[in-house]
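Asks: A predicted structure for the sequence below; I have some questions about it.
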Amino acid sequence: MALSLARDKLSYSQTQLDDFSNKLRIGDLTPILEIYEEDIKSPVRSAVSGTLLRSAFVQVQKAKVRHFVVLAIAILVYITGTFTHRWT
């Protein structure tokens, strides 16, 4: 979703898309956030063109992944019992 938005809105070439894909793997959404910043300046026009919703969906998707990772780590810590809480 983020790659198609970058291709459509920013007119990225294939090499730029490959670089952006590598940045996405480490969590860098800078170009998407810049699109969102521009879209929020004229929300009606951006909502009609669809870029506002697409950039918002990318951000929601990233938040979901982050929450899933945090939850998975919390479950792992709970199951392994490595988190010990002492009341002293």
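Replies: Perfect, thanks for sending it.

Asks: give me the number of residues near K41?
Replies: 8 (other Cβ atoms under 10 Å). In this view, the C-beta of every residue, glycine as well, is placed from N, C-alpha and C.

Asks: and what of V58?
Replies: Using other Cβ under 10 Å, V58 has 22 neighbouring residues.

Asks: what does P31 give?
Replies: 19.

Asks: hey, where'd the helices end up in this protein?
Replies: 2-10, 14-25, 30-41, 43-49, 51-80 (DSSP state H).

Asks: dump those to TSV, plus mean pLDDT.
Replies: What follows is the helices of the chain, written out as TSV (pLDDT from 0 to 100):
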stretch	mean pLDDT
helix 2-10	84
helix 14-25	89
helix 30-41	86
helix 43-49	83
helix 51-80	85
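
Asks: excluding chain neighbours, what is closest to the residue positioned nearest the centre of the chain?
Replies: Centroid-nearest residue in the chain, with Cα atoms, centre = their mean: K62, separated by 3.2 Å. Nearest residue to K62, sequence neighbours excluded (Cβ to Cβ, 6 or more residues apart in numbering): L29, at 6.3 Å.

Asks: from T80, how far off is the one you found?
Replies: Separation of L29 from T80 (Cβ to Cβ, to the nearest Å) stands at 32 Å.

Asks: so for the two, which residue has more residues nearby?
Replies: Between L29 and T80, L29 has the larger neighbour count (other Cβ under 10 Å), namely 17 against 8.

Asks: report pLDDT for that one.
Replies: Listed pLDDT for L29 reads 84.

Asks: contact partners for it?
Replies: By Cβ atoms under 8 Å, 6 or more residues apart in numbering, the contact set of L29 is 2, 58-59, 62.

Asks: out of those residues, who's nearest Q16?
Replies: A2 (12.8 Å; Cβ to Cβ).

Asks: now do the contacts for the nearest residue to that closest one once chain neighbours are set aside.
Replies: Spatial nearest neighbour of A2, chain neighbours left out: V58 (4.8 Å); criterion: Cβ to Cβ, 6+ apart. By Cβ under 8 Å, 6+ apart, the contact set of V58 is 1-2, 5, 29, 32.
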